[in-house]
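Enquirer: Sequence below, structure please.
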Amino acid sequence: MFIFWGKKLVYRRLGYVADFCPMCRVARAFEVQRVGVASHVYYISFGEGALAGYRRKCLECDTALDAKPTAYASLAEQPASVAELTAKTFPTLAQVYQAVMALIRTPMLLLSAKVEKHYAATHLDREVGYTVLAWIAVLVAAPLLYRSFTGEALEVGEIWILIAGLAVVVWQIACERGRFVRREIIPALAKSLRPLAPSDAEVRAALAELGRLRHKIGTKVDPVRLMAALA
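Expert: Numbering: from 1, shown residues only. Alright, predicted model coming up:
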């Protein structure tokens, strides 16, 4: 007879705490669980098993995160409101989270002046320069080539080349600020933030806050690109 057996994770509830949920992006109530690895036969486990760690599961979105029960002042026996759990299990939650967010915001604020200054004027980068050179080259070469093959002047065509080239140059100038942010601001931010290992939610929250305060860095830095640079 075939007997199905092996190892499985066993979760045991230890209590409830308040903590920050990176998915909900606010303080939430969590269930703290002991995680054990136990033997099972037909998925019927024997005891709690060997300790594998602890986790906290958000009661709002069910996101499970690693936990350290000793980091809390205490564990509540029953679920309660976030305010009640905060007072009992994590009274310094607001200060701790604000301290973390302050560390994340600091390099953003330091680079904010650089972004504001750059956006206050028009700048020409190498892409703009290459586009202008290409436009001039086409504007000079096209009529000569057309005349050499047809023997006629490229009168209307020159006007269209002029208009099209000007449009491309203007477009490249408009895109220059985005290139500046991607080339200089995002790498600098990534270098500063990498030791903090911020979550995507924390980066988005910091940028959103700066955006509400009318810092251009808050709206011009793409959080997806920044997280990719951090990785």
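Enquirer: the strands in the chain, which residues?
Expert: 5-21, 26-41, 44-45, 50-58, 64-66 (DSSP state E).
Enquirer: Please tabulate those in CSV, including the columns distance to Cys175, mean pLDDT and mean neighbour count.
Expert: Where you see a C-beta, it was placed from the backbone N, CA and C, and this is true even at glycine. Conversion of the strands of the chain to CSV gives the following (distance: least, Cβ to Cβ, whole Å; pLDDT from 0 to 100; neighbours: other Cβ atoms under 10 Å):
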stretch, distance to Cys175, mean pLDDT, mean neighbour count
strand 5-21, 37, 83, 17
strand 26-41, 36, 83, 18
strand 44-45, 59, 56, 13
strand 50-58, 41, 91, 16
strand 64-66, 39, 91, 13
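Enquirer: Just put those strands in a markdown table and tack on distance to Phe149.
Expert: Formatted as a markdown table, the strands of the chain follow (distance: least, Cβ to Cβ, whole Å):
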| stretch | distance to Phe149 |
| --- | --- |
| strand 5-21 | 69 |
| strand 26-41 | 69 |
| strand 44-45 | 84 |
| strand 50-58 | 71 |
| strand 64-66 | 70 |
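Enquirer: Looking at those strands, spot the one closest to Leu213.
Expert: Across those, Leu213 has its closest neighbour in strand 26-41 (19.4 Å, Cβ to Cβ).
Enquirer: so how far is stretch 50-62 off the chain centroid?
Expert: On the basis of Cα atoms, centre = their mean, to the nearest Å, stretch 50-62 sits 24 Å off its chain's mean C-alpha point.
Enquirer: And the pLDDT at Leu1?
Expert: Heads up, residue 1 is Met, not Leu. You'll see Met1 listed with a pLDDT of 44.
Enquirer: scratch that, Ala201
Expert: So Ala201 comes in at 80 (pLDDT).
Enquirer: Please tell me how far it sits from Pro107.
Expert: Ala201 is 18 Å from Pro107, where distance means Cβ to Cβ, to the nearest Å.
Enquirer: These two - which one has more neighbours?
Expert: Pro107 (19 against 16; other Cβ atoms under 10 Å).
Enquirer: Distance of the residue lying closest to that one once chain neighbours are set aside relative to Leu110?
Expert: Once flanking residues are discounted, Pro107 sits nearest to Ser192: 3.7 Å by Cβ to Cβ, 6 or more residues apart in numbering. Distance of Ser192 to Leu110, given as Cβ to Cβ: 8 Å.
Enquirer: Which one of these two is surrounded by more residues?
Expert: For Ser192 versus Leu110, neighbours defined as other Cβ under 10 Å are more numerous around Ser192 (16 against 13).
Enquirer: Next one: that one from Leu230, what distance?
Expert: In terms of Cβ to Cβ, Ser192 sits 10 Å off from Leu230.
Enquirer: I'm done for today, thanks for sticking with me.
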